[in-house]
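Asks: sequence first, then the predicted structure, then my questions.
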Amino acid sequence: MNKYVLILIILIVQYDLFGQGINSNNLANLIQYCDSTKADEVLISHNGKIVTHWKRSDFKSIEGRDNIEECQTPYMGTASMVKSWTGLLVGVLVDKGLIKQVDDLVCQYIPEWEIACRNRITVKHLLTMTAGYKRLGGAGVLSQSNMNQFVLTLKPDTLPGIRFAYSNESAQALGILIEKVTGLKADEAFQHYLLKPLGIDSTSFAKDDSGNVLVYGGCTTTATSAMKIGELMLNKGKVGNKQIVSEKWIAGSTTPGALAPYYGYLWWIDKNSKYWNFAATGDLGQMTIVFPELDLVLVRRQSCDLSPASRNMSWMGGKFLNKIISVVE
């Protein structure tokens with residue numbers, strides 16, 4: 001018997017004693033499926049309690065792996081999953097009045113951003129990926145030595161409010177906004193306004209060669225920290241009796257936009273499954289997915305296999321969602 005299966009069975013027995021209504025067979029099936037997708041860690045909570053925390057033990061089972069340190073690290077690279085965290089931080093700043101409202105023109109806060117001023121780009125346009133910027137490939141964005149300057153001088157493809165287009169630059173612009181209204185570096189603002197109140201102390205942010213904090217991707221955290229974000233969303237912005245971000249902001253974040261029925265304030269939304277869900281996702285299938293009606297949160301990490309083939313995420317479809325649902329249904 002594989003070591004991870006034995007650990008899983010022990011955990012299942014432990015948590016069934018708490019009467020959480022977990023289908024043990026379906027939970028084992030889900031973990032085996034995640035294993036087949038080259039996941040390295042899966043953390044699941046139901047009714048506010050951890051159901052299972054699986055970690056890959058046999059790194060040799062990944063063909064062609066050549067990065068032992070990445071395989072064994074307890075940390076996860078969030079990739080674009082951190083965009084959703086950026087949306088949450090903007091919500092905290094709106095709640096505190098540092099940003100007055102999402103319909104404000106970004107020019108009010110970043111007057112040197114001439115293109116945004118001329119095109120009347122709003123905070124909401126950036127949050128919903130409707131600011132007029134098209135998606136750029138890796139060479140167009142990931143290699144920039146000064147990401148903030150690149151964003152401020154990049155010409156949009158269309159006027160804002162016309163179409164949805166997933167854009168790293170739109171998310172990074174929110175990092176500039178965050179620094180303007182808080183007077184802090186973006187990573188410091190994250191720590192002060194969001195991460196510390198959640199008890200998250202294991203997160204660091206990537207920076208470009210100019211020292212700009214990258215808020216569109218590249219953050220390093222743990223699955224446990226990502227779960228705290230998921231639980232925050234599930235509980236409508238509260239941790240215990242403390243409201244970290246308003247229930248109104250959580251509702252806005254998880255309400256589909258007019259131009260994209262699958263996207264809110266930097267959160268992906270699925271209204272077509274048996275149970276509606278929303279998720280923060282990133283390259284290689286980094287994921288925090290929340291099922292409000294089931295009181296269920298799943299975090300998936302992949303750090304061992306970073307090959308181009310592993311970027312085929314066809315497994316993320318209905319079959320995967322149904323396997324998650326079956327654990328508690």
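Replies: Cool, got the structure. Residues are numbered from 1 along each chain as shown.
Asks: surely residue 39 is in contact with residue 300?
Replies: Yes. The pair residue 39 and residue 300 qualifies as a contact (Cβ atoms under 8 Å) at a distance of 5.2 Å. Heads up, the C-betas are built off the backbone N, CA and C, glycines and all.
Asks: for those two, list the residues in contact with both.
Replies: Residues within reach of residue 39 and of residue 300 at once, by Cβ atoms under 8 Å, 6 or more residues apart in numbering, are residue 285.
Asks: the two: who's more crowded?
Replies: residue 300 (27 against 24; other Cβ atoms under 10 Å).
Asks: is that one part of a helix or strand, or is it coil?
Replies: Judged by DSSP: H, G, I helix; E, B strand; the rest coil, the three-state class of residue 300 is strand.
Asks: how about it: what's its closest non-neighbour residue?
Replies: In space, and not counting its chain neighbours, residue 300 is closest to residue 287: 4.3 Å by Cβ to Cβ, 6 or more residues apart in numbering.
Asks: residue 166: neighbour count?
Replies: 15.
Asks: could you measure it against residue 216, distance?
Replies: Relative to residue 216, residue 166 is positioned 10 Å away (criterion: Cβ to Cβ, to the nearest Å).
Asks: ditto for residue 253
Replies: Counting by Cβ to Cβ, the gap from residue 253 to residue 216 is 17 Å.
Asks: okay, the two: which has more neighbours?
Replies: residue 216 (25 against 22).
Asks: list the contacts of that one.
Replies: Counting by Cβ under 8 Å, 6+ apart, the residues that residue 216 touches are 80, 82-83, 86, 168-169, 171-172, 175.
Asks: which strand or helix spans residue 288?
Replies: Using DSSP states H and E, residue 288 falls within strand 286-291.
Asks: try residue 90
Replies: Short version, using DSSP H and E: residue 90 is in helix 81-95.
Asks: can you show me the helices along the chain?
Replies: Using DSSP state H, the helices of the chain run over 3-16, 24-36, 68-72, 81-95, 114-119, 123-127, 138-141, 147-153, 168-182, 186-190, 223-234, 247-253, 318-326.
Asks: any idea how far the fifth one is from the chain center?
Replies: Here the centre of mass of C-alpha atoms in helix 114-119, compared against the chain's by Cα atoms, centre = their mean, to the nearest Å, lies 28 Å away.
Asks: if we can go back for a sec, ok, the contacts of residue 216 vs residue 129, which is closest?
Replies: Closest approach to residue 129 among the contacts of residue 216 (Cβ to Cβ): residue 171, at 8.2 Å.
Asks: got any ranges where the chain has weak pLDDT?
Replies: Applying pLDDT under 70 to the chain flags the ranges 1-20, 58-75, 137-143, 304-306.
Asks: in the sheet, who's paired with the residue nearest to residue 300?
Replies: For residue 287, the beta-bridge partners are residue 281, residue 300 (DSSP bridges).
Asks: ok so, going back, elements contacting the strand holding residue 288?
Replies: The contact analysis (3 or more Cβ pairs under 8 Å, 6 or more residues apart in numbering; DSSP states H and E) places strand 286-291 against helix 81-95, helix 223-234, strand 277-282, strand 296-301, helix 318-326.
Asks: can you redo those as JSON lines with distance to residue 191?
Replies: Converted to JSON lines, the helices and strands packed on strand 286-291 look like this (distance: least, Cβ to Cβ, whole Å):
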{"stretch": "helix 81-95", "distance to residue 191": "10"}
{"stretch": "helix 223-234", "distance to residue 191": "12"}
{"stretch": "strand 277-282", "distance to residue 191": "19"}
{"stretch": "strand 296-301", "distance to residue 191": "21"}
{"stretch": "helix 318-326", "distance to residue 191": "31"}
